[in-house]
Structure formats: C-alpha cells, structure tokens
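**Student:** Give me the fold of what follows.
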Amino acid sequence: MSTLFGTSQRVGRTIWPNVVSSLSESTMKELRTALTEQLKRPDGPTPELADLLRRVAREAHDQNIPAEELIVIFKQLWNSLAESLRPQNADQYERIRQRLVTLSIQAYYAE
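**Tutor:** The predicted structure is shown next:
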C-alpha cells in the first residue's frame with residue numbers, strides 16, 4: 001500500500017486530509033512515472049497514459065475505492081509533481097490535468 005502525503009491549507013484549515021492510497025505500490029510508481037513524463041510534454045495525453053489511467057481506474061473500482069478518492073489521489077500526485085517541475089505555462093498544465101481527470105472518471109465508470 002502506498003501513502004501520499006499532501007494537505008491543502010485555507011486560512012489555517014485543512015481542506016483535504018492526508019490520503020492513504022489503496023492502490024498498489026507498483027500502480028502508484030507507474031502512475032508517478034507516467035505523469036512525470038506527461039508534465040514534460042503537456043500537448044495532450046499519450047495513448048500509453050490513457051491506457052494506464054484505464055488500468056488505474058479499473059484497479060480502484062475493483063478495490064471499491066470511490067471515484068472521488070481516486071480523483072483526490074490523482075490530483076495530489078499531479079500537483080506534487082507539477083510543483084517540483086515548476087511548469088512555465090500553468091494554464092496549459094491545468095487543461096491537460098482536467099483532460100486526464102475526465103479520462104479517469106470515464107474509465108472508472110466504463111463497463
């Protein structure tokens with residue numbers, strides 16, 4: 001099991017609690033690597049990343065991880081990676097993040 005640490009602060013209050021991911025360590029490692037590569041090429045999701053997001057969503061669904069928790073895990077991981085890489089065009093990175101979240105939600109609820 002993997003642990004993601006991350007809190008968002010708003011006027012001294014925690015919005016998102018620390019999230020403990022029920023996704024496998026190998027899945028989290030693979031996702032971290034793929035998102036790092038995606039951040040280096042923000043032109044759009046690669047087919048490989050889209051496939052990985054489908055596998056991650058399927059794993060989450062199979063383990064009864066709520067879709068909302070999956071999205072929180074994804075966004076915390078994305079934000080921590082984006083912060084370390086300090087992207088030049090924040091709007092472009094936000095658009096790709098939104099597209100990836102949409103792909104994840106669609107994959108989670110796909111038959």
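**Student:** For the chain, which segments count as helices?
**Tutor:** 25-40, 47-62, 67-85, 90-109 (DSSP state H).
**Student:** Check which helices and strands the third one is in contact with.
**Tutor:** Contact partners of helix 67-85 among helices and strands, from 3 or more CB pairs under 8 Å, 6 or more residues apart in numbering; DSSP states H and E: strand 2-4, strand 19-21, helix 25-40, helix 47-62, helix 90-109. Where you see a C-beta, it was placed from the backbone N, CA and C, and this is true even at glycine.
**Student:** I figured Ile71 was touching Ile105, is that so?
**Tutor:** Yes. Look at Ile71 against Ile105 with CB atoms under 8 Å: they come within range, at 7.1 Å.
**Student:** Which one of the helices and strands packed on helix 67-85 has the poorest average confidence?
**Tutor:** Across the helices and strands packed on helix 67-85, strand 2-4 has the smallest mean pLDDT, namely a mean of 40.
**Student:** how about the nearest residue to Arg54, chain neighbours excluded?
**Tutor:** Of all residues not flanking Arg54 in the chain, Ala107 sits nearest, at 4.2 Å (CB to CB, 6 or more residues apart in numbering).
**Student:** any idea how far the residue nearest the centre of the chain is from Gln88?
**Tutor:** In the chain, the residue lying closest to the centroid (CA atoms, centre = their mean) is Phe74, at 1.9 Å. To Gln88, Phe74 is 22 Å away according to CB to CB, to the nearest Å.
**Student:** likewise Leu103?
**Tutor:** 24 Å.
**Student:** Give the buried residues for stretch 101-111.
**Tutor:** In terms of neighbour count (16 or more other CB atoms under 10 Å), stretch 101-111 has its buried residues at Val101, Leu103, Ser104, Ile105, Ala107, Tyr108.
**Student:** Please export the C-alpha coordinates of it as CSV.
**Tutor:** This file holds the C-alpha atoms of stretch 101-111, laid out as CSV (Å, rounded to 0.1, in the frame of the first residue of the first chain):
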residue,chain,number,x,y,z
VAL,A,101,-9.2,13.6,-14.7
THR,A,102,-12.1,13.3,-17.2
LEU,A,103,-10.4,10.3,-18.8
SER,A,104,-10.0,8.7,-15.3
ILE,A,105,-13.7,9.3,-14.4
GLN,A,106,-14.8,7.9,-17.8
ALA,A,107,-12.6,4.8,-17.3
TYR,A,108,-13.8,4.3,-13.7
TYR,A,109,-17.5,4.2,-14.8
ALA,A,110,-16.9,2.3,-18.0
GLU,A,111,-18.3,-1.2,-18.2
